[in-house]
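Colleague: fold the following.
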Amino acid sequence: MPALRLEAVITQTDLELADGRVLHVYDTGADGDARDLAIMWLHGTPSIGAPPEPLFPAAARLGIRWVSYDRPGYGGSTPRPGRDVASGARDIAAVADSLGIDRFAVMGHSGGGPYALACGALLPHRIVAVVIVAGWAPFGSDGLDWFAGMTSTSQVAMRAAANGRAALEDYLSSAGLDPDGYTAADRATLAGAWSWLARVSGRGMATEDGGMADDDLACMSAWGCDPAQVTRPVLILHGDEDKLVPTSHGRWLASRCPDAELRLYRGDSHFSVFGHAEAALEWVRDRAGQG
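Modeller: Residues are numbered from 1 along each chain as shown. Next comes the predicted model:
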């Protein structure tokens, strides 16, 4: 096991792609141990892609290198209107290539979950394992009442996305946060160790250039991949009180991915479920040792 590093230094770079777009990239491994396991962090909607600081101590203990990027339209990354979920896997592969990383795990929260699944489906020879934290299932999935259990505000937002860009942009022009989507456990989490989530979300909202709309439209359109294609191990974390992304999405994904484990936590919700994220990193490290 690599020596324990007490703190992580985040190196930020701009990666220019062949099509002229720029992706803003974060890496905690520039001065780290070459043996570290890379995990690509895939941020929620809306946010920037900075890697999860509350998990840095656990990552140091486990020999994990965090890599991440701002999705198009957020932070320092060029917008890409009309992007689908599958295109995210291609961007992620480009980020990994630029850093000389061949194999890596992915961890996606909420709106980042579909992109983690896309990596598992479309980059099977590069992905060690997939972790989904309160992530979406594809819209229109057979056997899933997609909106059931969701707050009325979230339903309105995602139905607008299902109706196309004009309807969604009209909704977003006057929309605010969904107060009914935050449980007492979520508020305690966001006021405590995971206050970092509120900071990166605030920065995402302040700097996004169409990223939020493009995320929602991609989620509600054809993904360009199927969770059933994900042959690598998948771990799904979900709180049973989540009304932003209801637990039915996690259950559906667990039934669809061939090698999936669902960990459903009583009393947790969309953000408080991060209290179990360190155990998920241990799960990833175990899977890396097996493969």
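
Colleague: those helices in the stretch 1-150 of the chain, which residues are they?
Modeller: In the stretch 1-150 of the chain, the helices defined using DSSP state H, counting those that start in this stretch lie at 56-62, 85-98, 113-122.

Colleague: make CSV from those helices and add mean neighbour count and distance to residue 145 to it.
Modeller: To be clear about C-beta, it is placed using only N, CA and C from the backbone, and glycine gets the same treatment. Converted to CSV, the helices of the stretch 1-150 of the chain look like this (neighbours: other C-beta atoms under 10 Å; distance: least, C-beta to C-beta, whole Å):
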stretch, mean neighbour count, distance to residue 145
helix 56-62, 19, 36
helix 85-98, 20, 21
helix 113-122, 27, 18
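
Colleague: for residue 148, find the nearest of the ones you listed.
Modeller: helix 113-122 (18.0 Å; C-beta to C-beta).

Colleague: strands along the stretch 101-250 of the chain, start to end?
Modeller: All strands of the stretch 101-250 of the chain, identified by DSSP state E, counting those that start in this stretch, fall at 104-109, 127-133, 234-239.

Colleague: now the longest one and helix 113-122, what's the angle there?
Modeller: Between strand 127-133 and helix 113-122, the angle formed by their directions is 160 degrees, by axes from the mean of the first three to the mean of the last three C-alpha atoms, to 10 degrees.

Colleague: contacts for strand 127-133 next, please.
Modeller: With C-beta atoms under 8 Å, 6 or more residues apart in numbering as the test, strand 127-133 has contacts from 37, 103-110, 113, 116-117, 119-120, 230, 232-238, 250, 253, 257, 273-274, 277, 280, 283-284, 287-288, 291.

Colleague: what lines up beside it in the sheet?
Modeller: strand 104-109 (parallel), strand 234-239 (parallel) (DSSP bridges).

Colleague: how about the helices of the stretch 1-150 of the chain, which one is nearest residue 68?
Modeller: With C-beta to C-beta as the yardstick, what comes closest out of the helices of the stretch 1-150 of the chain is helix 85-98 (8.3 Å).

Colleague: give me the mean pLDDT for the closest one.
Modeller: Confidence for helix 85-98, expressed as mean pLDDT, is 98.

Colleague: who touches it?
Modeller: Residues from elsewhere that reach helix 85-98 (C-beta under 8 Å, 6+ apart): 13, 15, 17, 23, 25, 38, 40, 42, 67, 69, 71-72, 80, 102, 104, 106, 114-115, 117-119, 121-123, 126, 218-219, 223-225.

Colleague: distance from the chain centre to that helix, please.
Modeller: 14 Å (C-alpha atoms, centre = their mean, to the nearest Å).

Colleague: can I get the CA coordinates of it in PDB?
Modeller: Below are the C-alpha coordinates for helix 85-98, written out as PDB (Å, rounded to 0.1, in the frame of the first residue of the first chain):
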ATOM      1  CA  VAL A  85     -24.700  10.700 -22.100                       C
ATOM      2  CA  ALA A  86     -22.600   8.500 -24.300                       C
ATOM      3  CA  SER A  87     -20.500  11.500 -25.400                       C
ATOM      4  CA  GLY A  88     -19.500  11.900 -21.700                       C
ATOM      5  CA  ALA A  89     -17.700   8.500 -21.900                       C
ATOM      6  CA  ARG A  90     -15.700   9.700 -24.800                       C
ATOM      7  CA  ASP A  91     -14.700  12.900 -23.000                       C
ATOM      8  CA  ILE A  92     -13.800  10.900 -19.900                       C
ATOM      9  CA  ALA A  93     -11.600   8.600 -22.000                       C
ATOM     10  CA  ALA A  94      -9.800  11.600 -23.400                       C
ATOM     11  CA  VAL A  95      -9.200  12.900 -19.900                       C
ATOM     12  CA  ALA A  96      -7.700   9.600 -18.800                       C
ATOM     13  CA  ASP A  97      -5.600   9.400 -22.000                       C
ATOM     14  CA  SER A  98      -4.200  12.900 -21.400                       C
END
